[in-house]
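>>> generate coordinates for the sequence data below:
(one chain, ligands or ions: 1)
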Amino acid sequence: MASMLSSTAYIAAKASLRTANPTRILAASYATSANVKKITVIGSGLMGAGIVQVAAQSGYHVNMVDLKEEFLAKGEKIITSSLKRVAKKKHGDDAAASKKFIDEVMSRISLSTDSNKAASESDLVVEAIVENIKTKQALFKALDEAAPKDAIFASNTSSLPIADIAAATNRKDKFAGLHFFNPVPQMKLVEIIRIPETSDEVFNTLSDVTKKMGKVPVACKDTPGFIVNRLLVPYMMESLRLVERGDASMQDVDTGMKLGAGYPMGPFELMDYVGLDTIKFITDGWYKSGKGLVGDKLVAPSPLLEKLVKEGHLGRKSGKGFYTYEGVGADKGKK
Ligand code: CAA
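This is a model prediction of the structure:
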């Protein structure tokens with residue numbers, strides 16, 4: 001243990017050994033951000049790729065895992081095009097410096113279709129796969145066997161209870177939610193979701209790791225929507241009701257919130273950006289939970305949203321949502 005801590009930290013840990021709960025002190029031996037060297041991110045979609053990118057940009061070695069090579073190739077493309085934007089800001093027209101920066105970041109990223117193998121050599125595993133509780137539980141159950149016993153597990157879910165996912169493992173004290181925002185390279189916030197069992201050491205480690213990634217962590221209990229979506233999603237649903245009642249046009253609602261409230265995007269632009277299927281999935285889950293935790297009226301199905309999702313108009317990613325976009329993909333401009 002001494003070799004893993006600085007001498008000051010070692011003396012402090014030894015002193016507190018006399019007074020504190022021994023399990024806490026044992027936990028302190030692994031849970032320092034300095035001990036997180038290798039990270040595995042499972043899922044190479046927009047969120048997963050974004051998390052891989054910011055981790056690699058901050059010096060971590062990262063495994064990016066997905067089910068198929070073709071998904072990994074898409075994730076890699078998301079990362080390289082985002083890195084080009086970052087490089088342009090950092091190095092302007094200096095093509096050689098930009099290339100060096102991008103090559104260095106990419107050299108810290110490994111691709112894999114074997115989640116267990118990747119996790120077996122990781123100190124932190126972040127899951128960003130499909131929002132399906134059974135799929136997530138099955139994944140974490142297998143990872144629990146494969147990963148080192150001290151590795152920390154985190155889920156980037158935006159809508160499922162962290163406790164339900166953690167229940168599939170025998171390491172609830174090392175389990176938390178780590179909720180990033182889209183576009184991950186640009187949005188500064190990360191919500192760290194604690195379940196009652198999450199240890200202080202694990203929380204502090206995640207807090208340090210996200211700070212090292214250049215993010216600002218905030219803490220929240222395992223409550224529906226955590227902080228941001230609890231406020232953002234009902235706001236989106238209210239904007240849909242305004243338009244459905246014919247009170248205002250969606251263009252005027254968007255202009256209103258941008259110019260009157262200083263939001264970077266109006267609610268319809270933002271829903272297109274996040275994905276209409278994602279908004280529907282979150283609200284359906286809350287509505288159907290029947291627990292009234294969020295307020296049924298607020299999250300009741302919206303006919304307009306239902307119609308677009310049914311037609312496959314999912315926002316930017318499908319080229320059409322409330323608005324139409326140039327081509328398909330999150331970075332394409334509005335027509
Ligand atoms: N990679 C790297 N940098 C990116 C980027 C990406 N993918 N996307 C945008 N950026 C950077 C740009 O380089 C630019 O940086 P500088 O200002 O330093 O030059 C900056 O972001 C602004 O980008 P643009 O000029 O291209 O475009 P914009 O001014 O219209 O901003 C935006 C785009 C950042 C997306 C902005 O509109 C915005 O902040 N929108 C709100 C996004 C938001 O609310 N996200 C949260 C969604 S909710 C969620 O994610 C949680 C969930 O669970 C559903």
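>>> make it CA atoms for all contacts and neighbour counts henceforth
Will do.
>>> just give the closest residue to the most centrally placed residue in the chain, not the sequence neighbours.
By CA atoms, centre = their mean, the chain has its centre lying nearest to Phe180, at 3.4 Å. Excluding its sequence neighbours, the residue lying closest to Phe180 (CA to CA, 6 or more residues apart in numbering) is Val190, at 4.8 Å.
>>> and Gln137, helix, strand or coil?
The three-state assignment at Gln137 reads helix, by DSSP: H, G, I helix; E, B strand; the rest coil.
>>> for it, give me its contacts.
164-168 (CA atoms under 8 Å, 6 or more residues apart in numbering).
>>> so Lys334 makes contact with Thr324?
Yes - counting by CA atoms under 8 Å, Lys334 does reach Thr324; the two are 6.1 Å apart.
>>> who's more crowded, the two?
Neighbour tally, Lys334 and Thr324, criterion other CA atoms under 10 Å: the higher count belongs to Thr324, 18 against 13.
>>> hmm, the more buried one is touching Ser318, no?
No - here Thr324 lies out of contact with Ser318, judged by CA under 8 Å, at a distance of 9.2 Å.
>>> closest to Ala300 among the contacts of Gln137?
Asp164 (23.5 Å; CA to CA).
>>> distance of the closest one relative to Gly43?
19 Å (CA to CA, to the nearest Å).
>>> Three-state assignment for the residue in the stretch 201-335 of the chain positioned nearest to the ligand, please.
With CA to the nearest ligand atom, the shortest gap between the stretch 201-335 of the chain and the ligand falls at Pro264, namely 4.8 Å. Using three-state DSSP, the structure places Pro264 in coil.
>>> what sits against it?
Taking CA under 8 Å, 6+ apart as the test, what Pro264 contacts is Lys258.
>>> neighbours of the residue nearest to Phe180, how many?
Neighbour tally, Val190, other CA under 10 Å: 23.
>>> give the helix, strand or coil label for it.
In three-state terms, and counting by three-state DSSP, Val190 is strand.
>>> my guess is His269 contacts Asp254. True?
Just to correct that, residue 269 is Glu rather than His. Yes - at 7.1 Å, Glu269 counts as touching Asp254 under the criterion of CA under 8 Å.
>>> returning to that earlier point: beta-bridge partners for the residue nearest to Phe180, please?
Phe180, Pro217 (DSSP bridges).
>>> that's a helix at Val105, yeah?
Yes - Val105 sits within a helix when classified using three-state DSSP.
>>> tell me who's in contact with it.
53, 56-57, 59.
>>> so where's this protein shaky on pLDDT?
1-33, 290-292, 327-333, 335 (pLDDT under 70).
>>> please work out how many residues are found near Pro185.
24.
>>> ignore what I typed, I meant Ala261.
The burial count for Ala261: 10, using other CA under 10 Å.
>>> tell me the phi and psi of it?
Note on Ala261: its backbone torsions stand at phi -120, psi 0 [degrees, to the nearest 10].
>>> briefly note if stretch 58-76 comes near the ligand.
No - Stretch 58-76 does not reach the ligand (CA under 6 Å from any ligand atom); its nearest approach is 12.0 Å.
>>> which positions within that stretch qualify as buried?
58, 60-66, 71-72, 75-76 (16 or more other CA atoms under 10 Å).
>>> same check on stretch 273-285?
Going by 16+ other CA under 10 Å, stretch 273-285 has these buried residues: 273-280, 282-283.
>>> before we move on, what about stretch 101-116?
Within stretch 101-116, the residues that count as buried by 16+ other CA under 10 Å are 101-102, 105-106, 108-109, 111-113, 115-116.
>>> any chance of these in CSV, with distance to Lys89 too?
Output for the buried residues of stretch 101-116, formatted as CSV (distance: CA to CA, whole Å):
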residue, distance to Lys89
Phe101, 12
Ile102, 12
Val105, 15
Met106, 18
Arg108, 21
Ile109, 22
Leu111, 27
Ser112, 30
Thr113, 33
Ser115, 34
Asn116, 37
